[in-house]
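1. Return a 3D structure for these sequence lines:
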Amino acid sequence: MKNPDLRSQAVMNVDKGEEIAGLWATPQIPGTGIYKLVAKKRKDGAVEWAHFIHRADGSRHVVFRGEVESKARLADVLDAANKHLSRVFGVTMSAADADMTTLDGRKANAKVH
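-> Coordinates of the predicted model:
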């Protein structure tokens with residue numbers, strides 16, 4: 001059996017010279033899953049982010065992707081997402097631990113820089 005291409009299955013890949021800028025998550029929403037926002041700081045200083053749903057079955061569905069010019073502007077993205085989540089589900093995202101694996105499937109250091 002061929003190994004799955006883990007890189008293509010990831011919501012976001014962090015390459016050499018890049019760092020995790022943050023991860024936020026809602027509590028479990030019954031029948032929906034957990035909404036998450038993950039961000040990385042790229043080598044050029046821009047911050048790339050992905051907002052997605054992590055379902056109970058382990059699947060992930062990306063809702064939005066984007067980039068901002070700095071970590072300071074990432075707060076605007078988090079604020080906008082939280083306003084909508086609060087209005088629709090009555091929950092907001094808060095800082096969470098990153099669940100990261102290496103390309104060979106091993107757990108990676110989840111330190112957020």
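2. Give the burial count for Met12, as a bare number.
-> Summarising burial for Met12: neighbours were counted as other CB atoms under 10 Å, giving 17. Heads up, the C-betas are built off the backbone N, CA and C, glycines and all.
3. measure it to Leu74 for me?
-> 13 Å (CB to CB, to the nearest Å).
4. if I pick Leu85, what's in contact with it?
-> Taking CB atoms under 8 Å, 6 or more residues apart in numbering as the contact definition, Leu85 lies against Thr26, Tyr35, Val91, Thr92, Met93.
5. So the spatially closest residue to the fourth one that is not a sequence neighbour, which state does it fall into?
-> Spelled out, it's Thr92. Nearest residue to Thr92, sequence neighbours excluded (CB to CB, 6 or more residues apart in numbering): Asn82, at 4.2 Å. Using DSSP: H, G, I helix; E, B strand; the rest coil, the three-state assignment for Asn82 comes out as helix.
6. Go ahead and confirm Val91 touches Pro30.
-> No. The pair Val91 and Pro30 does not pass the contact test of CB atoms under 8 Å, sitting 10.9 Å apart.
7. more neighbours, the two?
-> Residue environment comparison for Val91 versus Pro30 gives the larger neighbour count to Val91, 17 against 8, counting by other CB under 10 Å.
8. any idea how far Ser70 is from the more buried one?
-> Counting by CB to CB, the gap from Val91 to Ser70 is 27 Å.
9. Wait, a helix at Arg73?
-> Yes. Judged by three-state DSSP, Arg73 forms part of a helix.
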